[in-house]
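Peer 1: Fold the stuff below for me.
(chains A and B)
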Amino acid sequence: MAELVLSSEVRLAADPSELFALFGSGDPSLGWLFGSEAEALAPGALVRLALPIGEGSRVHGTARVMSCTPVRRIDLVHESPWFGHVACHLDPLRSGGTRLRIRVSIDDREFTRLGADLGLLCGADAEGWEIPLGLLTSLSGSAGILGRSTVNCAQLAVEEINADGGVADRDVRLMVADDATDPGTGVVAMRRLCAVSGIAAVVRMHSSATYSATSPIAVAQGIPYLYTPTSEAVPTHPLLIHFGERPLDQLHRALPLLAEVTGGSRWFLAGNDYSWPRAVGTAARAVIERMGGTVSGEGYVPLGTEDFTPVISAIGEHGTDHVVSSFVGQDHVRFESEFSSSGLRSTTRTFAPLMDDAVVEHLGDSAAGIWNALGYFVGMDSAENREFLRRYADRFGECAPPVSAAAEGVYEAVHTWATACRSSGGTDPASLLSGLRTSTYRGPRRCGRGGSLESLLLGEATPAGVRVIDELPVAALA
Amino acid sequence: MTDPTSDATFSALADQTRRAILGLIGEHGELTVGEIASRFDGVGRTAVSSHLRILRLAGLITERRDGRYRHYSLTSTPADTVVAFLASVYQNSLEQLADAMNEAVAGAGAGSGDAGQRDDGLSA
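Peer 2: Predicted coordinates for the structure are as follows:
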């Protein structure tokens, strides 16, 4: 595959060992590359980036260590907001000091995707023998730090489908677009995907704020919309197909179980301020009141909040035994981390409807004890899951971002789409809808016909990942 | 000329020789086929013409006819902008690191009262 290669260098007075020690130090200006923060330099270790894009603001991104030769060279896989390889060389200068050289390579598909997402290029088109399948997800903005494994899982599913003969004798081609965790950007990206000639469907893994803005486009264009994340939205049209967990399914069994563990009855509801966290709050209030508990307070802050002190102080002042924490992406990571530092983790228990293995990787020890109920956790004990994880590791290697529930949901949705199209013999909307009514895809999740969830797993965050502690039927079946 | 597609633009940019040709034209402002071919070892005039056609169809260069000569110059293109954008993100990061390190050294120098010595060290 063709690639674009960029080189940059700078001469610095610091000697190589001094400069090497600053890599990943987390210092906004000295922690190169991009104010990076890395806890380890072992292959596969996560590197958090703050890219200097835009006036005075920074864009959060992620990379992973591929290999490291101390003091001489560090190789990184850049994951978000774009995908590429970055080789950093530290050359000692005879006069003292260091020449720091970086060589960045980005492949043609990613370049085209990025160009299109920047609004500069019109995006790729599929070839005549391919069926284009869109993926609208978040690779930048608050939810962007978790985006790469979603793209990987969609790509893995597409490759498996193609290896198995494709759909209707054609190969499937994945077209990726980034909504930047922003509804306005999501609309532009969605229009671009819908303009791809012959696009069969768009798989979506993004916030419900973007959903409200983009679902009317899918309906107007007659393009099936496969929505995978946990969501409060009720589908209002046959082309809007939901696979994700509903807030009430996540909460109705789990909150009483958590209250049994703590013996407490007070709950604080916190989250980002848009439709989904508010809907979680409404569902939580109903469950709490039904079990005789009380809501001690509520606090919602905008997406992209940097300082959570006010809401954490409010939680402390109101006094509570539990927190229902509905934050998203970078906000989620930052809130839980500050909450843990405040010392409140030792006196309260948290239920967080978006906590999954990817979030726990970002949080480390500060996530310990958080509960959630989702259709999937990496620790799920089943033959299908072991097979899926093996395929993911074989395809993307040890430096790939770990699978998350959100990403695995996209993998299942792509397979469910292909299974339905194969069973009815076509990729047009009518064939897809009829195929979904009669076919079942057997992946890691416990799903019935057309990908409907039959049970959720109750998980608890530990420093080693999410431990599955129970299996709960969804509300409709309870 | 038809509207350039992003695939054409990227395929044009994805080839090392064509990137080098663009770099050369950018450096000189305007060049003929013969002038470009003379600056490449192992790339014939026909191959250069073929690369130039791809670059022109992608909208990255324009052609001006003057008698029997054709002169090529760069057009500003969206893909150029993408490349420039990516390059500047990484380059700016390195320059900001250099500035921060200089400030840290200058700060330490001022604090310890031997700023003159450190200035000498840096300019060496």
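Peer 1: ok, stretch A:60-76 near chain B or not?
Peer 2: No: Stretch A:60-76 lies out of reach of chain B by CB under 8 Å from any CB of the partner chain, never closer than 10.1 Å. In this view, the C-beta of every residue, glycine as well, is placed from N, C-alpha and C.
Peer 1: residues in contact with the residue positioned nearest the centre of chain A?
Peer 2: Geometric centre of chain A, nearest residue: A:Leu146, 3.5 Å, by CA atoms, centre = their mean. A:Leu146 makes contact with A:Ser138, A:Gly329, A:Ala358, A:Val359, A:Ser404, A:Ala406, A:Ala407 under the criterion CB atoms under 8 Å, 6 or more residues apart in numbering or on different chains.
Peer 1: Can you verify my assumption that the third one contacts A:Val378?
Peer 2: No: counting by CB atoms under 8 Å, A:Val378 is not a contact partner of A:Ala358; they are 9.2 Å apart.
Peer 1: So for the two, which sits in the more crowded spot?
Peer 2: Legend: neighbour count by other CB atoms under 10 Å in any protein chain shown for A:Ala358 and A:Val378, higher for A:Ala358 (28 against 23).
Peer 1: Contact partners for that one?
Peer 2: A:Leu146, A:Ser149, A:Pro401, A:Pro402, A:Val403, A:Ser404, A:Ala406, A:Ala407.
Peer 1: element containing A:Gly264, please.
Peer 2: A:Gly264 belongs to no helix or strand when assigned by DSSP states H and E.
Peer 1: quick one, what contacts the residue nearest to it when sequence neighbours are not counted?
Peer 2: Closest residue to A:Gly264 apart from its sequence neighbours, by CB to CB, 6 or more residues apart in numbering or on different chains: A:Asp321 at 2.5 Å. Going by CB under 8 Å, 6+ apart, A:Asp321 touches A:Ala259, A:Thr262, A:Gly263, A:Gly264, A:Ser265, A:Arg266, A:Trp267, A:Thr348, A:Arg349.
Peer 1: Name the nearest residue to the closest residue to chain B within the stretch 201-350 of chain A, sequence neighbours excluded.
Peer 2: Distances between the stretch 201-350 of chain A and chain B by CB to the nearest CB are smallest at A:Gln330, namely 18.7 Å. Once flanking residues are discounted, A:Gln330 sits nearest to A:Ser142: 4.5 Å by CB to CB, 6+ apart.
Peer 1: Tell me the spacing between A:Gly343 and A:Ile312.
Peer 2: Distance, A:Gly343 to A:Ile312, by CB to CB, to the nearest Å: 10 Å.
Peer 1: now A:Thr438
Peer 2: 50 Å.
Peer 1: Please identify which of these two sits among more neighbours.
Peer 2: A:Ile312 (19 against 11).
Peer 1: Surely the more buried one is in a strand?
Peer 2: No: using DSSP: H, G, I helix; E, B strand; the rest coil, the assignment for A:Ile312 is helix, not a strand.
Peer 1: Could I get the contacting residues of it?
Peer 2: A:Phe335, A:Glu338, A:Phe339, A:Ser342, A:Leu344.
Peer 1: what's the answer for A:Leu136, then?
Peer 2: When contacts are counted by CB under 8 Å, 6+ apart, A:Leu136 touches A:177, A:179, A:186, A:189-190, A:193, A:202-206, A:210, A:214.
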